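>>> I'll drop the sequence and a predicted model, then ask my questions.
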Amino acid sequence: MGKVRSPFLVVNPKSYLYGKKSLELAQAVDKIAQESGLQIFFTCPFADIRYVRENTGCIVVTAQHMESLKPGRGMGHILPESLKDAGAGAVFLNHAENQLTLSELSKTIDRAKKLSMITIACADSLSEALSIARFSPDILLCEPTDLIGTGQVADNSYILETTSQIKAVDPDIAVMVASGITTAEDVYNVIRLGADGTGGTNGILKAPDPVVRVQEMADAMLKAYKEKA
């Protein structure tokens, strides 16, 4: 199974980018990952997974969703084996824009583990995060849904409490705090407060130069992690 390395950064263009534009950003981020040694996850649409994987070498190509479906019937659903075969090394699950029942989330995490795919499970509250922690995802992304895309970061007490309580349930889970992350300073602060990783969408894509913003975030992350050690 792939291993999560702290600190880690998630570049998450969602469905704003696809095809050539997605690959261009992925290749630039791939260079940052190579030069910094930082583990960087890069999401892309399902149809672009193989395209991005075959043209990059260091990023963890990440699927935006998956189901617990097994090979056979399942027209129109998302088969885990097909994502893995295309080159996905990780998968987002239960994002606010594509939520799962707890039962389906548990089964899907198990399917991903059997395929050695890193799981990034999302929770919109501390109580939900603690419930999901029992399924032992590799990464637990804790972000209040109402802060997504606002540029407003969760306050320090939320980050501290969330990280502490999740680690108490399972110290092997990597905690990610990402809602509202916009600047390098935001990245620095959440890592200094104890999060294992962070990332963003609007904070990167709406920057004057998205590649420069990713580089700034990577530098800030490594600086914060070094100072915290």
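Done, it's in. Residues are numbered from 1 along each chain as shown.
>>> so after the helix or strand bottoming out on mean pLDDT in the chain, what's the next helix or strand?
When the helices and strands of the chain are scored by mean pLDDT, DSSP states H and E, helix 156-169 comes last with a mean of 88. Sequence order places strand 174-176 as the next helix or strand after helix 156-169, per DSSP states H and E.
>>> list the buried ones in the least confident helix or strand of the chain?
By neighbour count on 16 or more other Cβ atoms under 10 Å, the buried set for helix 156-169 is 158-159, 162-163, 165-167. C-beta here means a position set from N, CA and C on the backbone, and glycine is covered the same way.
>>> next one: stretch 75-92
Neighbour counts over stretch 75-92 (16+ other Cβ under 10 Å) mark 78-80, 82-84, 86, 88-92 as buried.
>>> same thing with stretch 130-148?
Those would be 130, 132-133, 135-144, 147-148, for stretch 130-148 by 16+ other Cβ under 10 Å.
>>> what's the helix or strand for F92?
F92 belongs to strand 90-93, assigned by DSSP H and E.
>>> show me what that strand is packed against.
Helices and strands touching strand 90-93, by 3 or more Cβ pairs under 8 Å, 6 or more residues apart in numbering; DSSP states H and E, are strand 60-63, helix 102-114, strand 118-123.
>>> and the average pLDDT for it is what?
For strand 90-93, the per-residue pLDDT values average out at 98.
>>> CA atoms of it as CSV?
Output of strand 90-93 as CSV, limited to C-alpha atoms (Å, rounded to 0.1, in the frame of the first residue of the first chain):
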residue,chain,number,x,y,z
ALA,A,90,-5.1,7.7,-4.1
VAL,A,91,-8.8,8.5,-4.0
PHE,A,92,-11.0,11.2,-2.4
LEU,A,93,-14.0,9.8,-0.6
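>>> tell me the contacts of V212?
Counting by Cβ atoms under 8 Å, 6 or more residues apart in numbering, V212 touches no other residue.
>>> pretty sure S22 contacts T43?
No. With contact taken as Cβ atoms under 8 Å, S22 and T43 are classed as non-touching, separated by 9.2 Å.
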